[in-house]
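Asks: Would you be able to build a 3D model of this:
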Amino acid sequence: MKLNSIDVCLSPKLIDLYDLEGKIVVVVDILRATSVMTTALAHGAKAIIPVEQLEEAKKYLNKEAYLCAAERGGEQVEGFPLDNSPFSYMDECIQGSSIVITTTNGTVAIEKSRAADEVLVGSFLNLSSVADYIQQQQKDVIIHCAGWKGKTNMEDTLYAGALVEKLKHSHHLGCDTPHVTLKYWESIKDNLTETVENSSHAKRLNRLNIKEDIAFCLRIDEYQVVPKMEGKTLVAV
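Replies: All right, here's what the predicted structure looks like:
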């Protein structure tokens, strides 16, 4: 039986090199956009509307039906009631809500993935659930790492390796990049927290006193939810 393939795109700057048609794209921004989206849906949010541009998000600020979140450079944007910390999405007010969110990297990667047949949001928090969902679909997969402002980052690359490890028996590795990410993941997976704490973005967030967020975002299989784009909205499936 012919196996489906799995490939890895390490930055949104490279996504135009990949043919997304008919494929599942898993967007990952471990610190912290896709971890936040996973957390919000796991805690009862009805839907998330990811938008790339800050100006588009501002249009929702005065609409009663929406909660709004915005982050740039790791910090909450002034005037938006929600930030980019997963702990902000565990409150009861999140239940049943529709959340508009824009971030530096994660929502950019989601927007650039829309040509795919299915767009999922992945994080360490829902690693096995995403892998289980993919194995039921019989489609090729691309893991789209959000990175940092177009550059590759450590934590998203490690997630790619972890998901490749989960799927390596049901999908063949489509090029060299999934091999590289798998080897990297295998070499450090027993010291994930210590490794990511030395990443550029973790150090950036540490300067903002966000150590608890980093530790939480590295928990594996905290939730069973699989966020999937339905039109312009991210919902749990």
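Asks: For the rest of this, base every contact and every neighbour count on C-alpha atoms.
Replies: Noted.
Asks: residues in contact with the lowest-mean-pLDDT helix or strand in the chain?
Replies: One helix or strand of the chain scores below all others by mean pLDDT, DSSP states H and E: helix 200-206, with a mean of 81. Applying Cα atoms under 8 Å, 6 or more residues apart in numbering, the external contacts of helix 200-206 come out as Leu31, Gly74, Trp148, Asn153, Val196, Glu197, Lys211, Ile214.
Asks: Same check on stretch 29-39?
Replies: 27-28, 48, 84-86, 89-90, 103, 105-107, 121-126, 145-147, 155-156, 159, 201-202, 213-214, 217-218, 223, 225-227.
Asks: Mind giving me the ChimeraX select for those, buried ones only?
Replies: This is the ChimeraX syntax for the buried subset of those, where burial follows 16 or more other Cα atoms under 10 Å:
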select :27,28,48,84,85,86,89,90,103,105,106,107,121,122,123,124,125,126,145,146,147,155,156,159,201,202,213,214,217,218,223,225,226,227
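Asks: if you look at the contacts of stretch 29-39, which of them are in helices?
Replies: Gly106, Thr107, Glu155, Asp156, Tyr159, His201, Ala202, Asp213, Ile214, Cys217 (DSSP state H).
Asks: quick one on the thing from earlier: of the contacts of helix 200-206, keep whichever come out buried.
Replies: Those of those that meet the buried threshold are Leu31, Gly74, Trp148, Asn153, Val196, Glu197, Ile214, by 16+ other Cα under 10 Å.
Asks: show me where pLDDT drops low in the chain?
Replies: Flagging of the chain using pLDDT under 70 yields the residue ranges 1, 209.
Asks: And the strands in it?
Replies: Along the chain, the stretches classed as strands by DSSP state E are 4-9, 24-28, 47-50, 66-72, 75-76, 98-102, 118-122, 141-145, 171-173, 227-230, 233-236.
Asks: Compare those and give me the one nearest Glu56.
Replies: Nearest to Glu56 among these is strand 98-102 (8.8 Å), distances taken as Cα to Cα.
Asks: quick revisit: please render the strands of the chain as CSV that adds distance to Leu192 to the earlier fields.
Replies: Converted to CSV, the strands of the chain look like this (distance: least, Cα to Cα, whole Å):
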stretch, distance to Leu192
strand 4-9, 20
strand 24-28, 16
strand 47-50, 28
strand 66-72, 25
strand 75-76, 24
strand 98-102, 27
strand 118-122, 17
strand 141-145, 17
strand 171-173, 23
strand 227-230, 24
strand 233-236, 27
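Asks: To Lys58, which of those lies closest?
Replies: Of all those, strand 66-72 sits nearest to Lys58, with 8.1 Å by Cα to Cα.
Asks: Show me what that closest one is packed up against.
Replies: Other helices and strands packing on strand 66-72, by 3 or more Cα pairs under 8 Å, 6 or more residues apart in numbering; DSSP states H and E, are helix 54-58, strand 98-102.
Asks: if we can go back for a sec, could you export the ones in helices among the contacts of stretch 29-39 as TSV, including distance to Ser11?
Replies: Formatted as TSV, the ones in helices among the contacts of stretch 29-39 follow (distance: Cα to Cα, whole Å):
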residue	distance to Ser11
Gly106	11
Thr107	13
Glu155	12
Asp156	9
Tyr159	13
His201	15
Ala202	18
Asp213	23
Ile214	21
Cys217	20
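Asks: Nearest to Lys59 among those residues?
Replies: Among the ones in helices among the contacts of stretch 29-39, and counting by Cα to Cα, the member closest to Lys59 is Thr107, at 16.4 Å.
Asks: which residue packs closest to that closest one, ignoring adjacent ones?
Replies: Glu52 (5.2 Å; Cα to Cα, 6 or more residues apart in numbering).
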